[in-house]
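# here is my input, please return the structure:
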Amino acid sequence: MDEEKSRLYTGALFGFLQSLLMAFSIAIPAFYFNSIGVSLVVYAFLLSIGDVISFLSKPIIGNLTDRFGEKNFLIVGVLVFVISLFLIGQTTDVLLLAMLKIVSGVAGAILFVVILIYGLRKVKATPDKKVGLFGGIKSSGWIFGLLIPGLFISTFGISNAFNLILVVGLFWLIATIH
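Numbers count the residues shown, from 1 in each chain. So this is what the prediction gives:
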């Protein structure tokens, strides 16, 4: 397989995993925050903080990946994103939850930018078809990422859902390193 196809499919797989964990990062904390009595308003605020920081950091991240390389940012992004999501399930302190949502927002932005750059940088011929394929595979992670947590939590409990994040993250990290 040539480099263009390899990067496209690998990038789409990374995009799928990123979308899966992004959906986990919305669904699992919602169940968790409800179980510890965090109001819907606070949850919405925490989601907004992560999104604003993510939005603001994307141009900076794009610039930094040009200088330091995609793979380093992908590895660091996966580690920070997964660990911050896992740690959300280990605390009930709202200030710490806000900090972890900020960290996961920045890590999510890193992953979004780096995966797009990695997967689509070498696309030359028929870019519409390849970008569509990439987007379709990446977006399908949302389907499973919103479905799996509800099923998993009802069977294994909320604390084990945060362990699921670690397992998926470890799989992703191993795939990234190789």
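
# residue ranges with poor pLDDT in this structure?
1 (pLDDT under 70).

# ranges for the helices of it?
Here the chain has its helices, by DSSP state H, at 3-35, 40-68, 70-88, 94-120, 127-156, 158-177.

# which positions in the longest one come out as buried?
Looking back up the chat, that one is helix 3-35. Buried residues in helix 3-35, counted by 16 or more other CB atoms under 10 Å: 7-29, 31-33. Any C-beta I mention is one placed from the backbone N, CA and C, and that applies to glycine too.

# and the closest residue to Ala107 other than its chain neighbours, how many residues sit next to it?
Among residues not flanking Ala107 along the chain, Phe81 sits closest, at 3.6 Å (CB to CB, 6 or more residues apart in numbering). By other CB atoms under 10 Å, the residues close to Phe81 number 26.

# which ones are touching Phe81?
Phe81 is in contact with Leu21, Ser104, Ala107, Gly108, Ile110, Leu111, Gly169, counting by CB atoms under 8 Å, 6 or more residues apart in numbering.

# and the residue in the chain sticking out farthest from the centre, what does it touch?
Distance from the C-alpha centroid of the chain, by CA atoms, centre = their mean, peaks at Ala125 (28.7 Å). Applying CB under 8 Å, 6+ apart to Ala125 gives no contacts.
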